[in-house]
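Undergrad: The sequence isn't on hand, but the structure is:
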């Protein structure tokens, strides 16, 4: 298999945008192309991810992006895998590049959501659950993650303060990320007093509905490009879990995340101890707790405690979500997986704000979950000296 | 690269169904698994295609299929590429198997459409065009293909009777396909007198909105399975064209189909002359004319004439759409690409009705178009002796 590298990244501001999803996608794509120092004509294939394009009356966006870039003959497709769509798109590009089908790929994830009301977006998101058993019966994602949170609290003594420490950390990191949806530092009192969405999850446990796009240029070792600042992909592994929560024996973790991360460590010859920092899927604070445990950063049940102790701060022993995570950076569904990789790349090139720059970003991991874990992607990256 | 084979196929009836899309997808998947003589646990990854799942409040269907099959830990994703979604899913599985990432893949395409009115489905489909320039201004797909038809008529003298001969042939073949949406033989008079949809395209030039699902089991040479009736994949190539018709210089063909088929012939060391039969994307009769020309079966402008002469009948020199095509078999959008491969496989195993069985099905080609050619997939298959 050929070596595969991230050669450039691009990202729009996350938050509320008046522009069309396709325009956001194109903005991110052009940024990534410029960052990689290539021309659009160098791109062999385009992988797009979007989940709710129908809300804007526009699906089949790949050909629109390629047409606008002046490369209409290049293949494109759109991938949806709930909140992990662009990680799945990344994986598809990785497979094609590592096997030599293509040498240079553009991967773009985008979503446009803020034109909808919160109830409407909550309804749309519920379509990614096992709708006829969960969403239809009123259990939307805040409810599903609330079930996981109470299970985790009951079994491991995870407290609201522990969850709060995650929200506070991620809001702090987002404050120093100019592209983050929320740039507002919060304290524990604000967190604890915020309105309950689905007990025990409060407003400040929950990520927002955001507009935004993120893109990367992925290359293999045969690609002829000038740029030398590359980040190597050590592993990209996808897995899944029983789609409906009701069909699982345990709610305190996500089985697919454990399976995928174990495989990713094996393939990349790394271990949780060797990972310098991670971007994980904190759609709700409890999700960050489960993520850190599932990927082996902390023993099962210790994730909340580790957070409260500050271990996962950007300057702690195990930085998690230095970007601000979904919580503060925002969560434009199908942009999120690529946005995590944008952060890995920017951290490894030491080009983020010093107030969230990880000191030794040698090996980075991304953890991206679709729904309650029906699909999961784990990627591991290494900085090149 | 490893050799890749189709090892089993499954398909629901196409037409109107009272069942959910996910149930149709599962029915087709189970048929394909049984046909291949494997167990669900043998599947390494599941590739799903669906375009309009939001109409049923259900996206992220891969995990539902895998959960129902008892393999929740296997990766899955959903691919949309307008009307060529499941061909794109097939291509992704082909890339992963030929490079050895996985050994056995399930590829499923499905769509559920008949619960919507014709105007509503026409509106939904228009989302796959360059919506803000085409659909929004009232040019839906019948209109776009009508522009292509009049251009072809003007430039090459293609007549309504020539288009009619395609509709008549495909309705005849569909009559002998027990899973076809329409099983009704029509004559030229019926065709000519049918109501105009968008001049020159009439009702009988147009494929229907159908419900349905199709699935295949794809394996590589390392897969350990008992079944010996395999069909080899010689090539799978994807390409594209300018998304909006207004941005093209010529409307009489689909540029991406020409590019992809030329590459597919090259990779498979075949030629148009060597292809025994083809399943092509006849969303409208004019699309079959352009397809036959773009893939090099006939000289540019001769497609309609060749059809009127009977060359493309199932027992003609160059059989095209022996399944009945989209026109008569039906067009459940994201099921269509895989349904074409189902027909290739069944023809090569000599297990279709004798009234549409191609006599010498040695090398088969599938041609699947998304929208007006923004994305195109060409696959070439060989029967093993």
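TA: Looks like it arrived, so ask away. Here the structure is a predicted model, which means the values were calculated and not measured. Numbering: from 1, shown residues only, chains lettered A, B, ... in the order given.

Undergrad: which SS class is the residue in chain A sticking out farthest from the centre?
TA: Here chain A reaches farthest from its C-alpha mean at residue A:73, the gap being 29.7 Å by Cα atoms, centre = their mean. Three-state call for residue A:73 (DSSP: H, G, I helix; E, B strand; the rest coil): coil.

Undergrad: Now for it: which residues touch it?
TA: The contact partners of residue A:73, by Cβ atoms under 8 Å, 6 or more residues apart in numbering or on different chains, come to A:66, B:239-241, B:255-256, B:259. All C-beta atoms are positioned from the backbone trio N, CA, C, and that covers glycine.

Undergrad: Same check on residue A:83?
TA: A:51, A:128, A:281, A:283, A:331, A:333-334, A:336, A:368-371.

Undergrad: Next: residue A:225.
TA: A:7, A:36-38, A:42, A:104, A:219.

Undergrad: again, only using 10 Å
TA: A:5, A:7-8, A:36-39, A:42, A:103-104, A:217, A:219 (Cβ atoms under 10 Å, 6 or more residues apart in numbering or on different chains).

Undergrad: ok so, going back, quick one: buried ones out of the contacts of residue A:73?
TA: By neighbour count, with 16 or more other Cβ atoms under 10 Å in any protein chain shown, the contacts of residue A:73 hold A:66, B:239-241, B:255-256, B:259 as buried.

Undergrad: Residue B:341: which of the contacts of residue A:73 is nearest?
TA: Nearest to residue B:341 among the contacts of residue A:73: residue B:239, at 18.2 Å, using Cβ to Cβ.

Undergrad: Stretch A:119-131 near chain B at all?
TA: Yes: against chain B, stretch A:119-131 shows contacts by Cβ under 10 Å from any Cβ of the partner chain at A:123-131.

Undergrad: Including secondary structure, could the residues you listed go into JSON lines?
TA: Rendered in JSON lines, the data for the residues of stretch A:119-131 next to chain B read as follows (three-state DSSP):
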{"residue": "A:123", "secondary structure": "helix"}
{"residue": "A:124", "secondary structure": "helix"}
{"residue": "A:125", "secondary structure": "helix"}
{"residue": "A:126", "secondary structure": "helix"}
{"residue": "A:127", "secondary structure": "coil"}
{"residue": "A:128", "secondary structure": "coil"}
{"residue": "A:129", "secondary structure": "coil"}
{"residue": "A:130", "secondary structure": "coil"}
{"residue": "A:131", "secondary structure": "coil"}
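
Undergrad: Among those, which one has the most neighbours?
TA: residue A:128 (31 neighbours; other Cβ atoms under 10 Å in any protein chain shown).

Undergrad: Let me know whether that one touches residue B:58 as I believe.
TA: Yes: Residue A:128 sits in contact with residue B:58 when judged by Cβ atoms under 10 Å, with a separation of 8.5 Å.

Undergrad: which residues touch residue A:4?
TA: A:93-99, A:105, A:218-221, A:223, A:230-234, A:236.

Undergrad: Just the buried ones from these?
TA: A:93-99, A:105, A:218-220, A:223, A:230-234, A:236.

Undergrad: Out of those, just show me the ones up against chain B, please.
TA: Okay, of these touching chain B (Cβ under 10 Å from any Cβ), that's A:94-96, A:98-99, A:236.

Undergrad: okay, now residue A:224: neighbour count?
TA: When neighbours are counted by other Cβ under 10 Å, residue A:224 comes out with 9.

Undergrad: Likewise for residue A:75?
TA: Neighbours around residue A:75, by other Cβ under 10 Å: 26.

Undergrad: That one - nearest residue in space that isn't next to it in sequence?
TA: Computed as Cβ to Cβ, 6 or more residues apart in numbering or on different chains, the closest residue to residue A:75 that is not its neighbour in sequence is residue B:238, at 3.5 Å.

Undergrad: Show me what residue of the stretch 201-350 of chain A gets nearest to chain B.
TA: With Cβ to the nearest Cβ, the shortest gap between the stretch 201-350 of chain A and chain B falls at residue A:238, namely 3.5 Å.

Undergrad: Tell me which strands the helix or strand that contains that residue pairs with, and in which orientation.
TA: Taking DSSP states H and E as the definition, residue A:238 sits inside strand A:231-239. Its sheet considered, strand A:231-239 pairs with strand A:4-11 (antiparallel), strand A:375-383 (antiparallel) by DSSP bridges.

Undergrad: Could you pull up the mean pLDDT of that strand?
TA: The average pLDDT for strand A:231-239 rounds to 98.

Undergrad: How about stretch A:86-102?
TA: For stretch A:86-102, the per-residue pLDDT averages 98.

Undergrad: how far does that stretch sit from the chain's center?
TA: Counting by Cα atoms, centre = their mean, to the nearest Å, stretch A:86-102 is centred 17 Å from the centre of its parent chain.

Undergrad: got it, and stretch A:20-35?
TA: 18 Å.

Undergrad: Next, the buried residues of that stretch.
TA: For stretch A:20-35, by 16+ other Cβ under 10 Å, it's A:20-33, A:35.

Undergrad: if you skip the residues just before and after it, what's nearest to residue A:366?
TA: residue A:340 (4.1 Å).

Undergrad: tell me the average confidence for the helix or strand containing residue A:339?
TA: Assigned by DSSP H and E, residue A:339 belongs to helix A:336-348. Here helix A:336-348 scores 98 as its mean pLDDT.
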